[in-house]
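[1] below: sequence and its predicted model.
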Amino acid sequence: QVQLLESGGGLVQAGGSLRLSCAASGRTFSRDTTAWFRQAPGKEREFVAGISWSGSGTYYADSVKGRFTISRDNANNTVYLQMNTLKPEDTAVYYCAVAPTIATMTSNGYWGQGTQVTVSS
């Protein structure tokens, strides 16, 4: 059984930092792309950041570029999202997903249950 477990969410003041983790079990994902998405109340789920299986390719939404950093540790089957200079508009449930490409994540990806990030002003 494939499982993705997100952790690291919480409540933080604006300007603060959090580090999210996405730990995979059940199989190795060293050949897949991993991404973080988020969904705020009343809004559609949106892409946040993605990383290729080698770690050499990283991709970011414009809204988080320069503030968030995605990285991975294939030896431990874990992907991280370092979030700095957080803003209230970053408040959302954050999900990690794994698939061969970012484009196929919605239709053919494995998804975690999500972790809540709340940024107070």
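    Sure, I can see it.
[2] check the gap between the residue lying closest to residue 13 once chain neighbours are set aside and residue 38 for me.
    Take residue 13 and drop its neighbours on the chain: the residue closest to it by CB to CB, 6 or more residues apart in numbering is residue 120, 5.4 Å away. Glycine gets a C-beta too; all of them are placed from N, C-alpha and C. Distance of residue 120 to residue 38, given as CB to CB, to the nearest Å: 17 Å.
[3] okay, these two: which has more neighbours?
    residue 38 (23 against 11; other CB atoms under 10 Å).
[4] I'd like to know how far the more buried one sits from residue 27.
    Residue 38 sits 25 Å away from residue 27, going by CB to CB.
[5] can you pull out the strands in this protein?
    Counting by DSSP state E, the chain has strands at residues 3-7, 10-13, 18-25, 33-39, 46-51, 58-60, 68-73, 78-83, 92-99, 110-111, 115-120.
[6] possible to save those as CSV with mean pLDDT?
    Shown next, in CSV, are the strands of the chain (pLDDT from 0 to 100):
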stretch, mean pLDDT
strand 3-7, 95
strand 10-13, 98
strand 18-25, 95
strand 33-39, 97
strand 46-51, 97
strand 58-60, 97
strand 68-73, 96
strand 78-83, 97
strand 92-99, 96
strand 110-111, 94
strand 115-120, 98
